[in-house]
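Colleague: got a sequence here, can you model it:
(2 chains)
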Amino acid sequence: MINNIPTDELFASGHRACAGCGQALAVRLVMKAAGKNTIVANATGCLEVFSTPYPETSWRVPWIHGAFETAASVASGVDKALVKQKKRKKVNLLAFGGDGGTFDIGFQALSGAAERGHKLTYVCFDNGAYMNTGIQRSGATPKYAATTTSPAGKKIHGKTEFKKPMPLIMAAHGCYVATASVAFPHDLIKKVQKALKHKGLSYVQVFSPCIPGWGIPSNMSIESAKLAFKTKITPLFEVENGIVTITNRPSKELPVEEYLSRQKRFKHLSQKEIDDVQSHVDTEWEKLAHLEETKVRIS
Amino acid sequence: MQTVSSRDVPNNTTVEIRLTFSVDTHIVERIADFVNDGILDAELIDVESEHSAMSACIGAQATGVRTFTATASQGLALMHEMLFVASGMRLPIVMAVANRALSAPINIWNDHSDSVAARDSGWIQLYVESSQEALDTVIQAYRIAENKDILMPVMVCLDGFTLSHVWEPVDIPTKAKVNQYLPKYKPVHAFLDPRKPITQGPVGFPDSYMGFKRMQQEAMKRSIKAIEKANSDFRKKFRRSYGNGLIEPYKMQGAQYAVVAMGSLCGTIKHVVDEMRKEGKKVGLLKIKAFRPFPTEHIQKAAKNLKGLAVIDKEISLGSDGALFTEIRSALSGQGKTRISGFIAGLGGKDVTPDHIRKSIETAMKSKETKEEWLQ
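Modeller: Residues are numbered from 1 along each chain as shown, chains lettered A, B, ... in the order given. Next up is the predicted model:
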């Protein structure tokens, strides 16, 4: 243990992720949280590609990849097989997907697995686009972000919709839900460990910056995630038994411009558009704070 | 059809994955009865889609247990992507397909469009004629799939409604006997176990991908013998068998002309063959049970002395011909002078009558070949 973080490396270095990849750093922490008695079911995406170029692998735990939309459904099968083998209590089961594989194409499978109550923790590494295939817009892409399928044109400035509120959607299923950020390792580890202890399916969404997708220098990954937190773009909260708790509050709040202005994907934004983002961030935060304060049960 | 879901079929350490889809409903409903009554020791997953059904089969089988699922038509089409993943990962999953037409227009009745469209997915495909054969073939399918030299998933294709929704007497073998024929499942290769971590389903770059495909093809070729063996061992144990497990010749002794077909249609064809034999016509039936692997050499041998063949397809590869017709032509190419005529019949549950079959044989008996005659 160093600073209460296990020194076991279950996700080996030497993989092919970009320098500064937020997801690779986050995966390393999630694996430290879960420990070696863990099985991982992975969706197609950057992680699967950069960590398993046959005959090499970065995984020191059993790992399976089916297809893009199947992390939750493959994990459903693993869960029941473990029950049949009477090994269920001894093993942690994780399903990994990117935001495309989770918010969009794998959403049905995830919702089904949650409804059936499979005992597994689904971790979504959210970098806000289909980065693996070349930065295409997903349901998690923030409004106005330029992607290859929502370019910053003269007429239309990037994506025209706000991000899908995935954590609250998962909370409506009755799951334990947490949002975490690669910039806050202790919080991330704590939330994953808590999720693993919960009954049924739990959902952890980890904010993971993408160097080429966001157009940031490779040493700005953690800094960008910190700015996202300080500007309240990525609130850190959890939903337990249907009740929302904001787990971390920025000591000094910054305007969204501080976050947006450092990324190439937001370079084209007008003041009006920045104001629109600010107003949306404020509304979303108020919504969360209201849920927390009133203890209204989401599920 | 009450038999594929027999309590004796999935032997032990089983995960059943179900999603009800009109024609295969009886199969999964009976399995649910067996599980809920405590007759079948299995875990059941009520998935939200067929895509997830096959994905869950993949996850469970990769963890080291036997799996079974059933589907039909649109469901099989929906899980198409995962069929390739299952076979590419060499997981010995067994699935019953209640054959049904594909939309549009939406049609819930029988033909072979669904499973024939999945012929290139790396699954062994066995087509059955009767409920008894469906039951027996599911038992054999596990033997074939789990053979350590094969490790390929198997589809047991039974005609929707014609077999899936009829009630007929079936001999259900005892559990003890099935267990002797089909021993307890032990995964051959490493499976998902934290004590022995392995990576399953990695990226295969161009330097390795083609090698994996070649290994699958070699396994498919080896499965020819494994299917024959599963059938002959089954005969020894249960005193029932279906040809050599790959093809089933009927009244082919001295035949000059034969019908080639798959599935329950063969029952009607046998009736017509009997009638025509009584009329002194030298006709027979060559029932194709294994469509994948395609038993080319066995067919060449069986067709050696024939003057003509009438191939009846219950599906069509639009823009080409019936798939079975194409396969038979390819198998017999350069093999002699057998004339091959192709017929499209029974699409979307359209009745195939004895008259249709008689017409196809009579066409084959004429000296001219037909390529795509629609029996409507």
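
Colleague: B:Asp37: neighbour count?
Modeller: The number of residues packed near B:Asp37 is 9, by other Cβ atoms under 10 Å in any protein chain shown. C-beta here means a position set from N, CA and C on the backbone, and glycine is covered the same way.

Colleague: give me the pLDDT value at it.
Modeller: B:Asp37 is assigned a pLDDT of 89 by the prediction.

Colleague: distance of it from A:Lys80?
Modeller: B:Asp37 is 19 Å from A:Lys80, where distance means Cβ to Cβ, to the nearest Å.

Colleague: swap in A:Leu236?
Modeller: 33 Å.

Colleague: more crowded one of the two?
Modeller: Ranked by neighbour count (other Cβ under 10 Å), A:Leu236 and A:Lys80 place A:Lys80 first, with 28 against 22.

Colleague: that one - nearest residue in space that isn't next to it in sequence?
Modeller: B:Glu43 (4.3 Å; Cβ to Cβ, 6 or more residues apart in numbering or on different chains).

Colleague: name the SS class of that neighbour, please.
Modeller: On the three-state scheme (DSSP: H, G, I helix; E, B strand; the rest coil), B:Glu43 is labelled strand.

Colleague: for it, name its beta-bridge partners.
Modeller: Beta-bridge pairing of B:Glu43, defined through DSSP bridges, involves B:Val15.

Colleague: so who does the closest residue to chain A within the stretch 251-376 of chain B touch?
Modeller: Nearest to chain A, among the residues of the stretch 251-376 of chain B, is B:Arg292, at 21.6 Å (Cβ to the nearest Cβ). By Cβ atoms under 8 Å, 6 or more residues apart in numbering or on different chains, B:Arg292 lies in contact with B:Arg119, B:Trp123, B:Ile124, B:Gln125, B:Met220.

Colleague: got phi/psi on it?
Modeller: Torsion angles at B:Arg292 (phi, psi; degrees, to the nearest 10) stand at phi -130, psi 120.

Colleague: which residues touch stretch A:3-20?
Modeller: By Cβ under 8 Å, 6+ apart, stretch A:3-20 touches A:1, A:23-24, A:27-29, A:31-32, A:34-36, A:38, A:46, A:49-51, A:53, A:56-61, A:185-186, A:189, A:209-212, A:217-221.

Colleague: centre of the chain to that stretch, how far?
Modeller: 17 Å (Cα atoms, centre = their mean, to the nearest Å).

Colleague: same question, stretch A:226-236
Modeller: 14 Å.

Colleague: what of stretch B:355-367?
Modeller: The answer for stretch B:355-367 is 26 Å, by Cα atoms, centre = their mean.

Colleague: export it as CSV, just CAs?
Modeller: C-alpha atoms of stretch B:355-367 as CSV (Å, rounded to 0.1, in the frame of the first residue of the first chain):
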residue,chain,number,x,y,z
ASP,B,355,-47.8,-33.0,-56.0
HIS,B,356,-45.0,-30.4,-55.8
ILE,B,357,-42.5,-33.1,-55.0
ARG,B,358,-43.7,-35.4,-57.7
LYS,B,359,-43.4,-32.5,-60.1
SER,B,360,-39.8,-31.9,-59.1
ILE,B,361,-38.9,-35.5,-59.6
GLU,B,362,-40.6,-35.6,-62.9
THR,B,363,-38.8,-32.5,-64.0
ALA,B,364,-35.5,-34.1,-63.0
MET,B,365,-36.5,-37.2,-65.0
LYS,B,366,-36.7,-35.1,-68.2
SER,B,367,-33.5,-34.5,-69.9
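
Colleague: so what's A:Lys159 up against?
Modeller: A:Arg137, A:Thr141, A:Pro142, A:Lys143, A:Tyr144, A:Ala145, A:Ala146, A:Thr147, A:Ser150.

Colleague: list the contacts of A:Leu227.
Modeller: By Cβ under 8 Å, 6+ apart, the neighbours of A:Leu227 are A:Ile233, A:Leu254, A:Glu258, A:Tyr259, A:Arg262.

Colleague: quick one: buried residues of stretch A:130-139?
Modeller: Under the neighbour-count criterion of 16 or more other Cβ atoms under 10 Å in any protein chain shown, stretch A:130-139 has A:Tyr130, A:Met131, A:Asn132, A:Ile135, A:Gln136, A:Arg137, A:Ser138, A:Gly139 buried.

Colleague: the nearest residue to B:Asp149 once chain neighbours are set aside is in what secondary structure piece?
Modeller: In space, B:Asp149 comes closest to B:Arg222 once its chain neighbours are excluded; the distance is 5.3 Å by Cβ to Cβ, 6+ apart. Using DSSP states H and E, B:Arg222 maps to helix B:206-238.

Colleague: just to revisit the earlier point, now intersect the contacts of B:Arg292 with the strands, please.
Modeller: B:Ile124, B:Gln125 (DSSP state E).

Colleague: give me the buried subset of the contacts of B:Arg292.
Modeller: By 16+ other Cβ under 10 Å, the contacts of B:Arg292 give B:Arg119, B:Trp123, B:Ile124, B:Gln125, B:Met220 as buried.
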